[in-house]
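Novice: no FASTA, just this:
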Ligand SMILES: [Zn+2]
């Protein structure tokens, strides 16, 4: 009720401040471009990586939506911490677009891009700005739930761990539950007034890290998805993938060791599902274009105590390794034999019967001894697997703790953007938001078509929920994180405020 009231007030307010002539002049124009950013010198290339730009204007406000096939905007990978400032400075100087209105999202694929990616990004934005035409816009929602899974596993002992290549997974019986996914694809369609599609902006949450057989350079599943969309809309359509809250979302079958993993299979599905939604969208000359850009200080975590605890935990695990007569060479054949024939594993059955007829049980004793040693050996392996996870996580905690100490600041500033184009509403965050946070923000939003992008305008590593942060040291999202648990409530409140301004 209040929501409707607020919208009505906003609408009448808009009518009162614009004259009829100004209203007519408030027409949307837009241009798109894409530029290849693949580093061809860095090794074998499977498919190209691009920077894509959509410049959109209502005559008063101009915004640039830029997507990069790269791991992050700063901190990790080829894009350095100066990139965002350099691109924005140049774009402001040459095109007059306000830095606050230049939004750059990294798909988070692990491709290797050229070191002059800053200049190439400016090129893409300039090319888009140079060919702006009157446009109509529309919003739609697609659905895809076949290509991803939540990678955080809830263990029976209360801890959570991640499906990662850096971790061995725990024994199957230790896994009690899995987390949520967000199957929603948010789609903005931008058409020329002649009806040709200029741009498809689509938002979805999944780490694009499936790779291709042989490990060649790839823009991964979202690169393939964009290709599918671009090949199947109008000539020259540019499909801009905006990564969502993918912090704890992985490609499905990420740790498959029986079939070659290929990003194209997943990317094709995402592309087709996006197309299905995009084709249904009717565009209209709704000229609403709003950008809100705010900076929010968030509390940093002090990880010193947790590092001490984890070192103690590692010490305990190391000390729990017990002696066993077996080594890998003797253990593996025994596993096969004892699985193949539980009753007579060590020799043919007649030998056991022969023993029995003479009142002896030598083979039975041998089996008891072997089984005891195998159980110990397996326990040791599980403990060693745990140590690999603890080692990986201690390294992450130490890195972020060193940054905290070096920086000397207990707060970290993040840039948040709210963008509205017609009924398409997007809000951004410069880190790897986990999927529940995106779902919370969507649910609390006054706008029907609200989408959330992480990995935008900077990179501050993972941003898990306060609940997930009770698990620090066990999974990547909570260990590769600089935030204290209080951050979530502060951020979600701010995001709601930004959305209310759109
Ligand atoms: Zn990630």
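Specialist: Noted; the coordinates are in hand. A quick note: this is a predicted structure, and the numbers were derived from the prediction, not measured.
Novice: count of residues packed around residue 253?
Specialist: 15 (other C-beta atoms under 10 Å). C-betas here are computed from N, CA, C, even on glycine.
Novice: so it, which of the three states?
Specialist: Using DSSP: H, G, I helix; E, B strand; the rest coil, the structure places residue 253 in coil.
Novice: what helix or strand does the spatially closest residue to it that is not a sequence neighbour sit in?
Specialist: Nearest residue to residue 253, sequence neighbours excluded (C-beta to C-beta, 6 or more residues apart in numbering): residue 261, at 6.7 Å. For residue 261, there is no helix or strand it lies in under DSSP states H and E.
Novice: Check the gap between residue 261 and residue 166 for me.
Specialist: 16 Å (C-beta to C-beta, to the nearest Å).
Novice: So between these two, which is more surrounded?
Specialist: The neighbour count for residue 261 versus residue 166, taken as other C-beta under 10 Å, is higher for residue 261 (18 against 13).
Novice: That one and residue 255, how far apart?
Specialist: 9 Å.
Novice: just residue 423 next, same as before
Specialist: For residue 423 relative to residue 255 (C-beta to C-beta), the value is 39 Å.
Novice: And residue 436, by the same measure?
Specialist: Where residue 255 is concerned, residue 436 sits at a distance of 23 Å (C-beta to C-beta).
Novice: Next, the contact list for the closest residue to residue 129 other than its chain neighbours, please.
Specialist: Closest residue in space to residue 129, ignoring its immediate chain neighbours: residue 55 at 4.6 Å, by C-beta to C-beta, 6+ apart. Contacts for residue 55 (C-beta atoms under 8 Å, 6 or more residues apart in numbering) come out as 30-32, 62-64, 95, 97, 125, 128-129, 132.
Novice: For the strand or helix carrying residue 55, which strands pair with it and how are they oriented?
Specialist: Per DSSP H and E, residue 55 falls inside strand 50-57. The pairing partners recorded for strand 50-57 under DSSP bridges are strand 29-36 (antiparallel), strand 62-68 (antiparallel).
Novice: Check what pLDDT the residue nearest to residue 253 gets.
Specialist: Residue 261 is assigned 93 on the pLDDT scale.
Novice: what's the answer for the one 5 residues further on, then?
Specialist: Reading off the confidence values, residue 266 has pLDDT 98.
Novice: hang on, it packs against residue 254?
Specialist: No. Using C-beta atoms under 8 Å as the test, residue 266 is too far from residue 254 to be in contact (10.2 Å).
Novice: Quick check: neighbours shared by those two?
Specialist: Here residue 266 and residue 254 have residue 210 as joint contacts, going by C-beta under 8 Å, 6+ apart.
Novice: what about the two, which has more around it?
Specialist: The residue with more neighbours, out of residue 266 and residue 254, is residue 266; 25 against 17, by other C-beta under 10 Å.
Novice: For that one, which three-state class applies?
Specialist: Per three-state DSSP, residue 266 ends up helix.
Novice: Surely residue 150 and residue 179 touch.
Specialist: Yes. Taking contacts as C-beta under 8 Å, residue 150 lies within contact range of residue 179: 3.5 Å.
Novice: which neighbours do these two share?
Specialist: Common neighbours of residue 150 and residue 179 (C-beta under 8 Å, 6+ apart) are 248, 435.
Novice: low-scoring stretches of this structure, by residue?
Specialist: 1-25 (pLDDT under 70).
Novice: That one: helices as residue ranges?
Specialist: Along the chain, the segments classed as helices by DSSP state H run 2-17, 20-25, 83-95, 117-130, 220-232, 263-280, 304-320, 328-340, 349-357, 362-407, 435-444, 476-479, 487-500.
Novice: Please, where are all the strands along the stretch 151-300 of the chain?
Specialist: 152-155, 160-162, 175-178, 184-192, 197-204, 238-243, 249-251, 289-299 (DSSP state E, counting those that start in this stretch).
Novice: out of those strands, which comes closest to residue 487?
Specialist: Nearest to residue 487, of all the strands of the stretch 151-300 of the chain, is strand 289-299, at 4.4 Å by C-beta to C-beta.
Novice: Can you list the strands that that closest one pairs with?
Specialist: strand 411-421 (antiparallel).
Novice: what angle sits between the partner strand and strand 184-192?
Specialist: 50 degrees (axes from the mean of the first three to the mean of the last three C-alpha atoms, to 10 degrees).
Novice: Now do the buried residues in strand 411-421.
Specialist: 412, 414-421 (16 or more other C-beta atoms under 10 Å).
Novice: One more: stretch 73-88?
Specialist: 73-75, 77-79, 83-84, 87-88.
Novice: Quick check: end-to-end length of it?
Specialist: Counting by C-alpha to C-alpha, to the nearest Å, you get 13 Å between the two ends of stretch 73-88.
Novice: what's in contact with that stretch?
Specialist: With C-beta under 8 Å, 6+ apart as the criterion, stretch 73-88 contacts 39, 66, 68, 70-72, 99, 102, 104-106, 110, 112-115, 117-118, 121-122, 125, 430, 455-461.
Novice: Would you list the buried entries among those residues?
Specialist: Counted by 16+ other C-beta under 10 Å, the contacts of stretch 73-88 give 39, 66, 68, 70-72, 102, 104-106, 110, 112-114, 117-118, 121-122, 125, 430, 455-461 as buried.
Novice: Just the ones in strands from those residues, please.
Specialist: Among these, the residues falling in strands (DSSP state E) are 66, 68, 102, 104-106.
Novice: what's the farthest-apart pair in these?
Specialist: Maximum distance among these (C-beta to C-beta): 14.0 Å, for 102 and 106.
Novice: Let's have the helices of the chain in JSON lines, adding distance to residue 155.
Specialist: Shown next, in JSON lines, are the helices of the chain (distance: least, C-beta to C-beta, whole Å):
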{"stretch": "helix 2-17", "distance to residue 155": "41"}
{"stretch": "helix 20-25", "distance to residue 155": "59"}
{"stretch": "helix 83-95", "distance to residue 155": "38"}
{"stretch": "helix 117-130", "distance to residue 155": "40"}
{"stretch": "helix 220-232", "distance to residue 155": "28"}
{"stretch": "helix 263-280", "distance to residue 155": "27"}
{"stretch": "helix 304-320", "distance to residue 155": "15"}
{"stretch": "helix 328-340", "distance to residue 155": "24"}
{"stretch": "helix 349-357", "distance to residue 155": "40"}
{"stretch": "helix 362-407", "distance to residue 155": "11"}
{"stretch": "helix 435-444", "distance to residue 155": "18"}
{"stretch": "helix 476-479", "distance to residue 155": "14"}
{"stretch": "helix 487-500", "distance to residue 155": "22"}
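Novice: Could you say which of those helices is packed most deeply?
Specialist: helix 476-479 (a mean of 27; mean count of other C-beta atoms under 10 Å).
Novice: quick one: contacts of it?
Specialist: 152, 160, 162, 164, 166, 247-248, 392-393, 396-397, 432, 434, 462, 464, 468-473.
Novice: didn't residue 139 look like it was pressed against residue 188?
Specialist: Yes. Using C-beta under 8 Å, residue 139 is in contact with residue 188, at 5.8 Å.
Novice: of these two, who's got more company?
Specialist: Between residue 139 and residue 188, counted using other C-beta under 10 Å, the more crowded position is residue 188 (30 against 23).
Novice: From residue 289, how far off is the more buried one?
Specialist: 12 Å.
Novice: Overlap in contacts, the two.
Specialist: Between them, residue 188 and residue 289 share the contacting residues residue 421, judged by C-beta under 8 Å, 6+ apart.
Novice: from what I can see residue 230 touches residue 238, true?
Specialist: Yes. Taking C-beta under 8 Å as the definition, residue 230 is a contact partner of residue 238 at 6.6 Å.
Novice: Residue 110 - nearest residue in space that isn't next to it in sequence?
Specialist: residue 71 (5.4 Å).
Novice: surely the one you found meets residue 109?
Specialist: Yes. The criterion here is C-beta under 8 Å, and residue 71 meets it with residue 109 at 6.9 Å.
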